[in-house]
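**Q** predicted structure and sequence below. I'll ask about it afterward.
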Amino acid sequence: MKITQIKFGMLRVPLKTPFKTALRTVERVEDIVVMVHTDTGHVGYGEAPATAVITGDTHGSIIDAIHHYISPRLIDEDIANLNRITRLVQTSMEKNSSAKAAVEIAIYDLWAQLYDAPLYKMLGGGDPVVTTDITISVDTIDKMVADSISAVERGFDSLKIKVGKDIGVDIERTKAIYAAVENRALLRLDANQGWTAKQAVFAITALEDAGVRLELVEQPVKARDLEGMRYVTERVHTPIMADESVFGPMEVIKLINMRAADIINIKLMKTGGLSNAIRIADIAGMHQVDCMIGCMLESSISVAAAVHLAVAKADVITKVDLDGPSLCQGNPVEGGVIFNESEISITDAPGLGIRSIQGLEPILMGSAAA
Ligand SMILES: C[C@H](N)C(=O)N[C@H](CCC(=O)O)C(=O)O
Ligand SMILES: [Mg+2]
């Protein structure tokens, strides 16, 4: 099975409600879809969102990176040589993790199709069901409480509460939501870099003192402020999780050595795809550090790959934040992973199991010469 061509499409899916974090507000998923074609007629699917405020990637940079730097290296490569291909992808250029992720996801899809097995089985197997949390966007206190109650009524027993806008209101937001859903859902806070280290310690300590039990607090301070991450981790009881502070395996090693976080959030769009995500899970596992698997605003193509990884690495990936498809108004994918509110399950279809994608807008490219 040899790679013959890489094609692109644009996928637009409206969200049920606007997604609001300390970093941005988004009304719809708008992602680049990658289709890797082969001489056997098999097609592998990948997807990448333009999360410029986190990864630096835009739609234009994703297409350009794949078309000019990654694709020319992969034509005629044999899918059976997975490690060779992922190395070609990862060494094609610096950064551009979302572009690399989209291509790697499609390559792993094809690799599992080659052996006629679902991807999670090729990655080591496991129980093909995971439970995800759901994000509660940062908003007025009343709206966040109403959204949290509604999520619990839909069956979500874990809520990812977005904060990081205003430290005083963030404390009140969290107390109000905790009072409204106490004993019915675990609360995870995600400040998306919105606090200083001192503010984070103040807020988390105030919540601990008020009896608000939090499962974890994600990325309290700026991505590059590893000293700040360590400052917070050392001073509070609540586990601290690194998200924007860690992209690849080397950053994970540094963070673990510094003891700058208790938990690591793995996202394929930060790692550049599955090969580095697997490395991170293995490194974390060796150090008895738990991981979450997370996503950006992605639909059920790239999130499917994250689900397969979560199942195969369930011993280390103990927390799941793969709510992208649940936030969307519809699922454009036929086949693939089944997203049913908090429960996500994998079928026995080969690869990612994707048969077709509805509403894909073609993106036509000229020559791949750089
Ligand atoms: C969608 C997921 N639950 C989530 O919250 N991801 C964010 C970043 C998503 C984005 O801005 O596209 C996170 O964990 O920070
Ligand atoms: Mg986060």
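**A** Okay, I see it. Ligands and ions are numbered 1, 2, ... in the order given.

**Q** so which residues on the stretch 201-350 of the chain come close to ligand 2?
**A** 218, 243 (CB under 5 Å from the ion). For glycine as for every other residue, the C-beta is placed from the backbone atoms N, C-alpha and C.

**Q** tally of neighbours for the closest residue to ligand 2 within the stretch 201-350 of the chain?
**A** Distances between the stretch 201-350 of the chain and ligand 2 by CB to the ion are smallest at residue 243, namely 3.6 Å. By other CB atoms under 10 Å, 24 other residues sit near residue 243.

**Q** flag every buried residue along stretch 265-281.
**A** 265-281 (16 or more other CB atoms under 10 Å).

**Q** ends of it, how far apart?
**A** 10 Å (CA to CA, to the nearest Å).

**Q** please compute how far that stretch lies from its chain's middle.
**A** A distance of 9 Å separates the centroid of the chain from that of stretch 265-281, by CA atoms, centre = their mean, to the nearest Å.

**Q** related to what we said a few turns ago, in strands, which of the buried residues of stretch 265-281 appear?
**A** 265-267 (DSSP state E).

**Q** hang on, the earlier thing: next up, phi/psi of the residue of the stretch 201-350 of the chain closest to ligand 2, please.
**A** phi -120, psi -80 (degrees, to the nearest 10).

**Q** again with residue 153
**A** phi -70, psi -30.

**Q** which residues sit in contact with it?
**A** Residue 153 makes no contacts at all, as judged by CB atoms under 8 Å, 6 or more residues apart in numbering.

**Q** need the helices for the stretch 151-300 of the chain, in chain order.
**A** 167-181, 197-209, 226-235, 249-258, 268-271, 274-286 (DSSP state H, counting those that start in this stretch).

**Q** most proximal residue of the stretch 51-200 of the chain with respect to ligand 1?
**A** Nearest to ligand 1 in the stretch 51-200 of the chain, going by CB to the nearest ligand atom, is residue 135, at a distance of 4.1 Å.

**Q** identify the bridge partners of that residue.
**A** Assessed by DSSP bridges, residue 135 has beta-bridge partners residue 160.

**Q** now do it, the pLDDT please.
**A** As predicted, residue 135 sits at a pLDDT of 98.

**Q** that one is in contact with residue 322, isn't it?
**A** No. Using CB atoms under 8 Å, residue 135 is not in contact with residue 322, being 10.8 Å away.

**Q** who has more neighbours, those two?
**A** When residue 135 and residue 322 are compared on other CB under 10 Å, the one with more neighbours turns out to be residue 322, at 27 against 24.

**Q** now for the nearest residue to the more buried one once chain neighbours are set aside, how many residues are close by?
**A** In this structure, residue 322 finds its nearest non-sequential neighbour in residue 132, 4.6 Å apart by CB to CB, 6 or more residues apart in numbering. Residue 132: 28 surrounding residues under other CB under 10 Å.

**Q** any idea how far residue 132 is from residue 43?
**A** 27 Å (CB to CB, to the nearest Å).

**Q** quick one, what contacts residue 47?
**A** Applying CB under 8 Å, 6+ apart, the residues near residue 47 are 11, 31-34, 102, 105, 298-299, 301-302.

**Q** tell me the helix or strand right after whichever strand or helix holds it.
**A** Assessed by DSSP states H and E, residue 47 sits inside strand 43-49. Where DSSP H and E defines the elements, the next helix or strand beyond strand 43-49 is helix 52-55.

**Q** show the average pLDDT along whichever helix or strand comes after that next one.
**A** Using DSSP H and E, the helix or strand that follows helix 52-55 in sequence is helix 59-64. Helix 59-64 shows a mean pLDDT of 98.

**Q** helices or strands next to helix 59-64 in the packing?
**A** strand 25-38, helix 97-114 (3 or more CB pairs under 8 Å, 6 or more residues apart in numbering; DSSP states H and E).

**Q** is ligand 1 contacted by the last one?
**A** Going back to what we said before, that points to helix 97-114. No. Helix 97-114 does not reach ligand 1 (CB under 6 Å from any ligand atom); its nearest approach is 10.7 Å.

**Q** all numbers from here: first residue = 3
**A** Renumbered: residue one is now 3, and that last one reads helix 99-116.

**Q** surely residue 191 touches residue 215?
**A** No. Counting by CB under 8 Å, residue 191 sits too far from residue 215 to count as a contact (11.6 Å).

**Q** what's the closest non-adjacent residue to the residue most central in space within the chain?
**A** Per CA atoms, centre = their mean, the C-alpha nearest to the average position across the chain is that of residue 297, at 1.8 Å. Excluding the flanking residues, the one nearest residue 297 by CB to CB, 6+ apart is residue 326, at 4.6 Å.

**Q** from residue 265, how far off is residue 288?
**A** Distance from residue 288 to residue 265, by CB to CB: 15 Å.

**Q** just residue 112 next, same as before
**A** For residue 112, the distance to residue 265 - CB to CB - is 32 Å.

**Q** okay, now the unreliable bits of the stretch 3-152 of the chain?
**A** Residue ranges of the stretch 3-152 of the chain with pLDDT under 70: none are present.

**Q** and the residue in it that ligand 2 sits nearest to, what is it in contact with?
**A** Closest residue of the stretch 3-152 of the chain to ligand 2, CB to the ion: residue 23 (7.8 Å). By CB under 8 Å, 6+ apart, the contact set of residue 23 is 139-140, 164, 166, 192, 194.

**Q** do that again at 7 Å, thanks
**A** 140, 164, 194 (CB atoms under 7 Å, 6 or more residues apart in numbering).

**Q** out of the residues you listed, which end up buried?
**A** 140, 164, 194.

**Q** which residues touch the second one?
**A** Going back to what we said before, that points to residue 164. Taking CB under 7 Å, 6+ apart as the test, what residue 164 contacts is 22-24, 137-140, 192, 194.

**Q** that concludes my questions; thank you for your assistance.
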